[in-house]
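Asks: Pasted the sequence and its predicted model underneath.
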Number of protein chains: 4
Amino acid sequence: MPIREGDFVLVVGDGVRLVIKVSRGFRISTIRGVVNADEIIGLEYGSVVRTNLGHELVLLRPTITDILLERGERVTQVIYPKDAAQIIISAGIGPGSRVGEAGVGSGFMTAILAYYVRPGGKVYGYDKREDAVRTARKNLEMLGLLDWVELRVGDVVSDGFLERDLDAVILDMGDPWNAIPKATEALRPDGVLVVYVPTVNQVIKVLGSLRDYGYVDVRMVDVMVREWKTEPNEVRPQTWVNAHTGYLIIGRRSIRSGKPTK
Amino acid sequence: MPIREGDFVLVVGDGVRLVIKVSRGFRISTIRGVVNADEIIGLEYGSVVRTNLGHELVLLRPTITDILLERGERVTQVIYPKDAAQIIISAGIGPGSRVGEAGVGSGFMTAILAYYVRPGGKVYGYDKREDAVRTARKNLEMLGLLDWVELRVGDVVSDGFLERDLDAVILDMGDPWNAIPKATEALRPDGVLVVYVPTVNQVIKVLGSLRDYGYVDVRMVDVMVREWKTEPNEVRPQTWVNAHTGYLIIGRRSIRSGKPTK
Amino acid sequence: MPIREGDFVLVVGDGVRLVIKVSRGFRISTIRGVVNADEIIGLEYGSVVRTNLGHELVLLRPTITDILLERGERVTQVIYPKDAAQIIISAGIGPGSRVGEAGVGSGFMTAILAYYVRPGGKVYGYDKREDAVRTARKNLEMLGLLDWVELRVGDVVSDGFLERDLDAVILDMGDPWNAIPKATEALRPDGVLVVYVPTVNQVIKVLGSLRDYGYVDVRMVDVMVREWKTEPNEVRPQTWVNAHTGYLIIGRRSIRSGKPTK
Amino acid sequence: MPIREGDFVLVVGDGVRLVIKVSRGFRISTIRGVVNADEIIGLEYGSVVRTNLGHELVLLRPTITDILLERGERVTQVIYPKDAAQIIISAGIGPGSRVGEAGVGSGFMTAILAYYVRPGGKVYGYDKREDAVRTARKNLEMLGLLDWVELRVGDVVSDGFLERDLDAVILDMGDPWNAIPKATEALRPDGVLVVYVPTVNQVIKVLGSLRDYGYVDVRMVDVMVREWKTEPNEVRPQTWVNAHTGYLIIGRRSIRSGKPTK
């Protein structure tokens, strides 16, 4: 497949890893030298080009998370791909799923959800903050994923979700326990609720609320993905890792969950 | 949605978590007592039923991984959902992707891939062992995912893949370094190669081969998902966890990768 | 050094790892066959003997933790060596230290403390349960460490410690927050308090109490020690590990800590 | 106990944690303001002083690792306390032990060993680099631990250890497999060999050599100590942790270990 103007390209080389957007006249500037974007238009993905300093760079199609992490605008702490992947598989989200999300923040999780519910599903994303919704929209547009997302400014704690019978609802907010009644209304009777919180104080509150609202099959995990150095003669884990982002709590609604059990 | 005959149902209760297949006359037998399958046909998912001993059970739609882990037949060590999720997101696999896999083993990874490439993609699965392919086929049929998979008995090391221009190839075999030349032929010029191996001895060989074949953007991770106890008054990680399954090594082909660089 | 009657000996061989106490007439029975204890008396440590089935066994001096883990009597959950080691180094405990401990439980932590405060230090161990103190005494006697320990049946929450000006106090009990006032009285003005608790609910209470009582330099860690398989051709982490024992919370008294700050 | 001139003092306050050496006329300068060292001489440890900006600082006796980590001079990568503690407990090192060490590097491990073998034991430390031995000596002198250490410039691979019948030998060097023959000569017949290496390539070589030299009871671990935030209302692991320092491999000599078994 040839590289076209407007494409995102992942450029990798010795110590180089960046995602650029191809436009005529743009200079791709790296620590290994410069390449003119005009030169790469029309090349096959996978091609190797040489910088003005003689170093080689390889041109790759970026994954959605490459683009998000390198080019996505951030107004909030974001959910990382490792956690997003675990949420999606644990909640059974896939092509065709209808998913609610509050709050969308910068829209990273929203984008990953949208990517995986295509082409038949939809993500309904809420956030109280207008700037968050604006940023999320920008990021989703950049990725061409807006068709699979409805974004709304709104407070789900007070106003709830407009949708009903959702397969899953994801809560990524400071006080998710307050949103459980409205999330329960929006879920199908055996729908999946996913809560993502960084502190154990929040964990305890969420677990108590899930019990009060009759959620079942409640599980909690934390995900640690350890990066390694890949030099064949010196293989070892990276020294510093991001050892904590948040806890994932996953429970299932039942027909009992309409109102608190106590 | 009502429960119908032939459905898989996830039954959860106090100390109970099992996936059953609904058939008339079947007795759902748990440590909390028995429920007659006839009674649950026609009930909504999310419903609560009472066993003969008076305990409550909730009836849920299982996720694909619930079914696999509880009902899947195994002839080999399987790739776990935590690793499958990380592979899928790291390789950018999603709806529409065309993915090669060797070896398929019991077909757990194949099933999860098939689930996520729907409806427009396809998984091409190879295994030397006829019994593995037979088991994988059974598991995929059970999950209704055979339409998105081509299974073949064959040795990719000697005979390679029939497909070309694949988005990703996943190698889950004892000597993946020997399969890299054929995997390279099958990949699109900037395709993603994922290798999954349990030992560091294998890791070193794979990293060396990837370098020799001109793979770029090589990363390696191991994924640890820690399960927690979710009793709100006594929140703590489970004592024993599965701390190691395998290492994930992910690299990108380039047009240079056709033949070894040394 | 020759093996004598009464010694503990660590016997290792293919699939064999046990600690025995040498006595005349005793048969050392392993999955690789039997050796008569009479035959090993007088042999050097490090010697190799052959079982009746022709397999080799090596005779080693066990470490204190080998003896504890293999021969120690248990009435309670014990503190593991990995955590004991971290406590000792974090609290600066060493030869000459005077340390309080409540509750002693089976005396595993007590024994490790006693081992490291020798010859000039002392451990003062309390437990409400007479059977715990009895078991701890038996374990300490087995290890020859009773000279460095005073054991007392007593409730430190109500009655406190008899000692004053201790270098460190270790609390391993269900409600350590209730023992902080009395532990504070027993510590030297800048003494080290170590609290060991398994749940995050307890963690939150302990951290709140430490703040209320004016403790400073408060740190908290959890220790994960991952065991590996050591077959040179197949090096990999063990699949299952003990991923959680407890949280270690370590703080320093100040002259302000006599009474709660609020 | 009163603070005297020449003492190391751990000064802690809001965002402040430093180890100073008390000398008349010295100004203790922190982000919370300044305190004159003259004012703290004669105060009890545990005392609270006020800076010129009105903030409180608490004065504590530092542990040996506080002093090492904050004041120790470094010429090399050092062994961290978490690993040192695990080495000491796994090897059964304690008061009275006689321990060999190569290479000493900056002497951090040496110092911790010296601290725990007091008063009857001794550490024999070797390093090829004169500057390392010089730095190690300086650090040990700073801690008052030189009486329990013999430092020697020398290459143990070629020249071996002068000592015999050591309880344990610790190898912290790039090619520890080359030092195993000489380490074996220096150990008592059932002595403990500890090897500390950062990469899995080294691990594989060490495990192979230990097998060749007839070492038994070989174990390998890696130690992860996760730091937490201790704010009672927001308890969570620190985001970034040091996830890898090195692997600890521990084996026992036998009388067979004099020469390689193959």
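Replies: Arrived safely. Numbers count the residues shown, from 1 in each chain, chains lettered A, B, ... in the order given.

Asks: quick one, what contacts residue A:13?
Replies: Going by Cβ atoms under 8 Å, 6 or more residues apart in numbering or on different chains, residue A:13 touches A:30, A:32, A:51, A:55-58, B:216. All C-beta atoms are positioned from the backbone trio N, CA, C, and that covers glycine.

Asks: Now compare the residues you listed and name the two farthest from each other.
Replies: Across the contacts of residue A:13, the longest distance by Cβ to Cβ is 15.0 Å; it joins A:51 and B:216.

Asks: who has more neighbours, those two?
Replies: residue B:216 (24 against 19; other Cβ atoms under 10 Å in any protein chain shown).

Asks: Could you confirm residue A:203 falls within a helix?
Replies: Yes. Assessed by DSSP: H, G, I helix; E, B strand; the rest coil, residue A:203 belongs to a helix.

Asks: near chain D, which residues of chain A show up?
Replies: A:198-201, A:226, A:233-245 (Cβ under 8 Å from any Cβ of the partner chain).

Asks: Quickly note the distance from residue A:161 to chain C.
Replies: Distance of residue A:161 to chain C, given as Cβ to the nearest Cβ, to the nearest Å: 30 Å.

Asks: now the spatially closest residue to that residue that is not a sequence neighbour: how far from residue A:163?
Replies: Spatial nearest neighbour of residue A:161, chain neighbours left out: residue A:186 (3.8 Å); criterion: Cβ to Cβ, 6 or more residues apart in numbering or on different chains. Counting by Cβ to Cβ, to the nearest Å, the gap from residue A:186 to residue A:163 is 6 Å.

Asks: what is in contact with these two at once?
Replies: residue A:100.

Asks: More neighbours: those two, which one.
Replies: residue A:186 (24 against 17).

Asks: what's near enough to touch that one?
Replies: By Cβ under 8 Å, 6+ apart, the contact set of residue A:186 is A:100, A:160-161, A:163-164, A:166, A:169.

Asks: circling back to that earlier point, looking at the contacts of residue A:13, which are in strands?
Replies: Those of the contacts of residue A:13 mapping onto strands are A:30, A:56-58, B:216, per DSSP state E.

Asks: Which of these ranks first by neighbour count?
Replies: residue A:58 (27 neighbours).

Asks: can you tell me the helix or strand for the one residue in the stretch 1-150 of chain A that gets nearest to chain C?
Replies: Using Cβ to the nearest Cβ, the closest approach of the stretch 1-150 of chain A to chain C is made by residue A:86 at 16.7 Å. Per DSSP states H and E, residue A:86 falls inside helix A:81-90.

Asks: Just give me the neighbour total for the residue nearest to residue A:205 when sequence neighbours are not counted.
Replies: What sits nearest to residue A:205 in space, not counting adjacent residues and going by Cβ to Cβ, 6+ apart, is residue A:177, at 4.8 Å. When neighbours are counted by other Cβ under 10 Å, residue A:177 registers 21.

Asks: Show the pLDDT at the residue in chain A that chain C sits nearest to.
Replies: At 4.0 Å from chain C, residue A:200 is the closest residue in chain A, using Cβ to the nearest Cβ. pLDDT for residue A:200: 98.

Asks: Run through the helices of the stretch 1-150 of chain A in chain order.
Replies: A:37-40, A:64-71, A:81-90, A:108-117, A:130-142 (DSSP state H, counting those that start in this stretch).

Asks: So residue A:149 is in contact with residue A:114, correct?
Replies: Yes. The criterion here is Cβ atoms under 8 Å, and residue A:149 meets it with residue A:114 at 5.1 Å.

Asks: Can you check which residues contact both of the two?
Replies: With Cβ under 8 Å, 6+ apart, residue A:149 and residue A:114 have common neighbours A:123, A:140.

Asks: The closest residue to residue A:128 other than its chain neighbours: neighbouring residues, count only.
Replies: Leaving aside its sequence neighbours, residue A:128 sits nearest to residue A:155 (Cβ to Cβ, 6+ apart; 4.9 Å). By the measure other Cβ under 10 Å, the count of residues near residue A:155 is 17.

Asks: again with residue A:147
Replies: 10.

Asks: Would you enumerate the residues in contact with it?
Replies: Neighbour list for residue A:147: empty [criterion: Cβ under 8 Å, 6+ apart].

Asks: 10 Å instead?
Replies: If a contact means Cβ atoms under 10 Å, 6 or more residues apart in numbering or on different chains, then residue A:147 has A:114, A:118-119, A:122, A:140 as its contacts.

Asks: what comes up buried for stretch A:117-135?
Replies: A:117-118, A:121-129, A:132-135 (16 or more other Cβ atoms under 10 Å in any protein chain shown).

Asks: Kindly apply the preceding question to stretch A:2-11 instead.
Replies: A:3, A:7-11.

Asks: residues in contact with the closest residue to residue A:73 other than its chain neighbours?
Replies: Of all residues not flanking residue A:73 in the chain, residue A:135 sits nearest, at 5.1 Å (Cβ to Cβ, 6+ apart). Going by Cβ under 10 Å, 6+ apart, residue A:135 touches A:72-76, A:104-107, A:127, A:129.

Asks: near chain C, which residues of the stretch 51-200 of chain A?
Replies: For the stretch 51-200 of chain A, the residues in contact with chain C (Cβ under 10 Å from any Cβ of the partner chain) are A:199-200.

Asks: again, only using 6 Å
Replies: Counting by Cβ under 6 Å from any Cβ of the partner chain, the stretch 51-200 of chain A comes close to chain C at residue A:200.

Asks: low-confidence ranges in the stretch 51-200 of chain A?
Replies: Counting by pLDDT under 70, not a single residue of the stretch 51-200 of chain A qualifies.

Asks: could I have stretch A:195-205 exported to CSV, CA atoms only?
Replies: Extracted as CSV, the C-alpha positions of stretch A:195-205 are listed here (Å, rounded to 0.1, in the frame of the first residue of the first chain):
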residue,chain,number,x,y,z
VAL,A,195,-15.1,0.8,36.9
TYR,A,196,-11.5,2.2,36.7
VAL,A,197,-10.1,3.9,39.8
PRO,A,198,-6.6,4.7,40.9
THR,A,199,-6.8,4.5,44.7
VAL,A,200,-7.7,1.7,47.1
ASN,A,201,-9.9,4.2,49.0
GLN,A,202,-12.1,4.4,45.8
VAL,A,203,-11.9,0.6,45.3
ILE,A,204,-13.4,0.0,48.7
LYS,A,205,-16.3,2.4,48.0
